[in-house]
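A.B. asks: Would you be able to build a 3D model of this:
(one chain, ligands or ions: 1)
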Amino acid sequence: MVADIEKTSTNLFKGWSDIKNVARAIRNNGLLETSILIRHSLANRLQYYLDRNFDKKNNVDTDYVALNDLDISSENVEYGIDYIPTSAFSFKRFIEYLPRDLRDFTFVDFGSGKGKAILIASHYPFKNVIGIEFSEDMVRMANKNIQNQNAEYRKCQSISSKMIDATKYKIPDEKLILYFFDPFQSNVMEVVVGNIIESYKLNPRPIYIVYHEPAERKVFDSSSFFEEIKQNRYQFLINFLCPYQFVVYRMTGLEN
Ligand SMILES: C[S@@+](CC[C@H](N)C(=O)[O-])C[C@H]1O[C@@H](n2cnc3c(N)ncnc32)[C@H](O)[C@@H]1O
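C.D. replies: A predicted model of the protein is given here:
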């Protein structure tokens with residue numbers, strides 16, 4: 001899960017200059033697991049550097065927030081994952097698996113936090129970009145970021161952040177790109193995926209799912225409505241530089 005990986009690898013990285021810590025990690029976790037953690041630490045450092053650079057360039061603040069530090073009234077709060085921003089570099093990886101012409105598509109980020117993914121999405125020509133988030137504080141921060149964002153990079157002007165629990169969100173009756181960056185655990189994901197399927201059955205239309213750090217991918221994999229889009233064979237080289245993996249699905253089964 002995204003938050004656990006973040007903690008473990010960041011701790012190890014602090015010890016990176018301390019050979020003793022690395023030796024202890026090898027003793028405790030074995031060589032293979034330690035090298036995976038070191039790779040993850042380096043990818044994390046790179047991502048952190050790029051994130052801060054993005055914030056500076058765009059005049060926004062999208063740094064990490066722990067859900068424990070916020071007052072959230074949703075009954076699903078215990079199943080939610082801390083706010084960790086998507087990196088612009090990762091976003092570029094997914095885009096190539098989506099339709100070329102995005103102008104008819106609405107992008108929805110489930111668990112949008114301070115709005116990093118929707119800010120990046122607004123750099124692409126989507127019809128609408130919508131973030132949904134159950135923390136009032138983070139929705140306020142996201143709206144401030146939308147206001148402050150350097151608009152010169154924006155290709156979609158219809159961008160918003162709404163406060164709502166993901167399970168209660170009505171899926172828009174439009175062509176969709178639905179984005180998840182490890183936002184919640186399987187019980188919440190099951191409800192959301194059920195809502196997506198119902199919406200697709202009522203109006204079969206192009207719907208793509210991008211699932212970044214797909215901890216609960218079994219919820220999608222166990223339904224015949226989601227077909228995984230194969231990644232090109234060089235993708236693993238780029239993925240090596242990123243701390244998190246991703247999967248893209250296309251909804252299928254009902255179109256004429
Ligand atoms: C890993 S962060 C994803 C951040 C954002 N999507 C991005 O890429 O920049 C997970 C987010 O999901 C939100 N979240 C968790 N459970 C939720 C729920 N049931 N409804 C709405 N938002 C939720 C958390 O508050 C957190 O902001």
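A.B. asks: Neighbours of Ile81, how many?
C.D. replies: 19 (other CB atoms under 10 Å). (C-beta placed from N, C-alpha, C; glycine too.)
A.B. asks: Any idea what the residue lying closest to Arg205 once chain neighbours are set aside is bridged to?
C.D. replies: Nearest residue to Arg205, sequence neighbours excluded (CB to CB, 6 or more residues apart in numbering): Lys175, at 5.6 Å. Lys175 forms beta bridges with Phe105, as assigned by DSSP bridges.
A.B. asks: Need the pLDDT of Lys175.
C.D. replies: What the model reports as pLDDT for Lys175 is 98.
A.B. asks: what about Ile177, which SS state?
C.D. replies: Using DSSP: H, G, I helix; E, B strand; the rest coil, the structure places Ile177 in strand.
A.B. asks: ok, back up a step: what is the neighbour count of the residue nearest to Arg205?
C.D. replies: By the criterion of other CB under 10 Å, Lys175 has 17 neighbours.
A.B. asks: Pull the contacting residues for it.
C.D. replies: Residues in contact with Lys175 (CB atoms under 8 Å, 6 or more residues apart in numbering) are 104-106, 127, 205-207.
A.B. asks: Let me know the distance separating Lys20 from Arg27.
C.D. replies: Going from Lys20 to Arg27 by CB to CB, to the nearest Å gives 10 Å.
A.B. asks: Same check on Asp69?
C.D. replies: Using CB to CB, Asp69 is found at 34 Å from Arg27.
A.B. asks: Torsion angles phi and psi at Glu227?
C.D. replies: Note on Glu227: its backbone torsions stand at phi -110, psi 120 [degrees, to the nearest 10].
A.B. asks: That one: how many residues sit nearby?
C.D. replies: 13.
A.B. asks: Any of the contacts of Lys175 buried? List them.
C.D. replies: For these, a neighbour count by 16 or more other CB atoms under 10 Å gives the buried set as 105-106, 127, 206-207.
A.B. asks: Thr252 against Glu228, yeah?
C.D. replies: No. Using CB atoms under 8 Å as the test, Thr252 is too far from Glu228 to be in contact (10.4 Å).
A.B. asks: The longest helix along the chain - contacts with which helices or strands?
C.D. replies: Secondary structure of the chain per DSSP state H: the longest helix is helix 31-58. Packing contacts for helix 31-58, counted by 3 or more CB pairs under 8 Å, 6 or more residues apart in numbering; DSSP states H and E, involve helix 2-14, helix 19-29, helix 88-95, helix 116-121.
A.B. asks: 6 Å instead, please
C.D. replies: On a contact count with 3 or more CB pairs under 6 Å, 6 or more residues apart in numbering; DSSP states H and E, helix 31-58 meets helix 2-14.
A.B. asks: For the closest residue to Asp221 other than its chain neighbours, give me the backbone phi and psi.
C.D. replies: Spatial nearest neighbour of Asp221, excluding adjacent residues (CB to CB, 6+ apart): Glu228 at 7.7 Å. The phi/psi pair for Glu228 (degrees, to the nearest 10) reads phi -70, psi 140.
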